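Enquirer: sequence and predicted structure, then a few things I'm wondering about:
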Amino acid sequence: MGTWRIRYMGAVLLVLALALAAWGEKVRLSADTMRYEPGEATFSVEGNVRILRGESLLTARRGTGKSDGSFFHLEGSVSCDMPERNLAFSCESIFYHPREASRIEAFGNVEARQGENTFRASEVLWRLGDIPHYTASGDVYGAWGDRSFEAGLATRKGNQFWVKKMRRFEDAREGVRIQAPVLEGQLREDEMVEVIASGGVVMETLGVRGSAIRITGEKCIYSLAKGTLVISGGAFAQQGDRSMRAENFVFRLDTRVIEAKGKPQLVFTVGD
């Protein structure tokens, strides 16, 4: 079989319409240079690569793919905007499988925004279904407004999310920081409503209201709706030269008051 090679210079672009039965609409691929292999039904493109489907737009420096639209691999300053999925991101390379479980694999300095959630990671896998569903790995930073986390791995599926190898979770609005290996949480209409940290927890106030407080325990339930953090499992609190132990603490964000429950003990220094 022969090879078709078409080259355009400057801003002049070739546009190829790809009939995609799975999508039920046309996809337009344009580039400065295109090489098409009819026998293999594959193509490679270079320079100002654009893939347009409806309102969705993918751009890159170069790419390869199948002419039936079942697979694309794009590289070099990749940018993607999918308004119908409320998703936009940039990275160095992606593998796009529109038909095979409809997924995108992005690699290299991934920066993304989906709804109120923004994040950065080394790698991200999106499953493009009816609900937000992705896994980000490798030096992950994620944020919902003033609430953010840093971790090695993060997954979201619908209104639930899980964070592993977490380095910190911070609520700048309320002035608290949590460190724990594992975090899981609940969202409602893309707003964070509850997070649960486990595996050995350190909770610290950021000193925005009063003296800094540090509380440790095995587990922490942070309810944003109630404005409380419940730390349980050998809870220990420290503020200056004062400390307190109990089976669990309830820390109230509005008053900065700690309620100790279960065999509380307070230790403090008495002046001369």
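Expert: Yes, it's here.
Enquirer: pull out the buried residues from stretch 171-187.
Expert: By neighbour count on 16 or more other CB atoms under 10 Å, the buried set for stretch 171-187 is 171, 174-176, 178-183, 185-187. Where you see a C-beta, it was placed from the backbone N, CA and C, and this is true even at glycine.
Enquirer: please apply the same query to stretch 138-154.
Expert: 140-144, 147-154.
Enquirer: now do that stretch, average pLDDT.
Expert: Averaged across stretch 138-154, pLDDT comes to 93.
Enquirer: closest one of the buried residues of stretch 171-187 to Glu40?
Expert: The nearest member of the buried residues of stretch 171-187 to Glu40, counting by CB to CB, is Leu187 at 44.0 Å.
Enquirer: you'd agree that closest one is up against Arg147?
Expert: No: judged on CB atoms under 8 Å, Leu187 makes no contact with Arg147 at a distance of 10.7 Å.
Enquirer: can you tell me how far Gly200 sits from Gln179?
Expert: 9 Å (CB to CB, to the nearest Å).
Enquirer: could you chop this protein up by domain?
Expert: 1-114, 158-272 (automatic domain parsing).
Enquirer: check those for me: which has the lowest mean pLDDT.
Expert: domain 1-114 (a mean of 78).
Enquirer: gap between it and the chain center?
Expert: 23 Å (CA atoms, centre = their mean, to the nearest Å).
Enquirer: just want the most central residue of this structure.
Expert: Centroid-nearest residue in the chain: Phe119, 4.3 Å away (criterion: CA atoms, centre = their mean).
Enquirer: what residues are up against that residue?
Expert: Residues near Phe119 by CB atoms under 8 Å, 6 or more residues apart in numbering: 111-112, 136, 140-143, 154.
Enquirer: how about it: what's its closest non-neighbour residue?
Expert: Spatially, and ignoring its direct neighbours in sequence, Phe119 is nearest to Gly142 (3.9 Å; CB to CB, 6 or more residues apart in numbering).
Enquirer: quick check on that neighbour: phi, psi?
Expert: Note on Gly142: its backbone torsions stand at phi -130, psi 150 [degrees, to the nearest 10].
Enquirer: who are the contact partners of it?
Expert: Contacts of Gly142 (CB under 8 Å, 6+ apart): 117-119, 136, 148-149, 151, 154, 163.
Enquirer: got a list of what Val195 touches?
Expert: Applying CB under 8 Å, 6+ apart, we find Val195 in contact with 169, 178, 183-186, 221-222.
Enquirer: and the residues you listed as CSV, adding distance to Ile104 and secondary structure?
Expert: Shown next, in CSV, are the contacts of Val195 (distance: CB to CB, whole Å; DSSP: H, G, I helix; E, B strand; the rest coil):
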residue, distance to Ile104, secondary structure
Phe169, 27, strand
Ile178, 31, strand
Leu183, 25, strand
Glu184, 24, strand
Gly185, 24, strand
Gln186, 25, strand
Ile221, 34, strand
Tyr222, 31, strand
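Enquirer: who does whichever helix or strand the residue nearest to the centre of the chain is part of pair up with?
Expert: Phe119 belongs to strand 117-127 when assigned by DSSP states H and E. Here strand 117-127 has these sheet partners by DSSP bridges: strand 103-114 (antiparallel), strand 133-144 (antiparallel).
Enquirer: contact partners of the helix or strand that contains Ile258?
Expert: Ile258 is located in strand 257-261, with elements delineated by DSSP H and E. With contacts defined as CB under 8 Å, 6+ apart, strand 257-261 is touched by 213, 215, 235, 237, 244, 246-252, 266.
Enquirer: 10 Å - rerun?
Expert: Residues outside strand 257-261 that contact it (CB atoms under 10 Å, 6 or more residues apart in numbering): 213, 215, 228-232, 235, 237, 239, 244-252, 264, 266.
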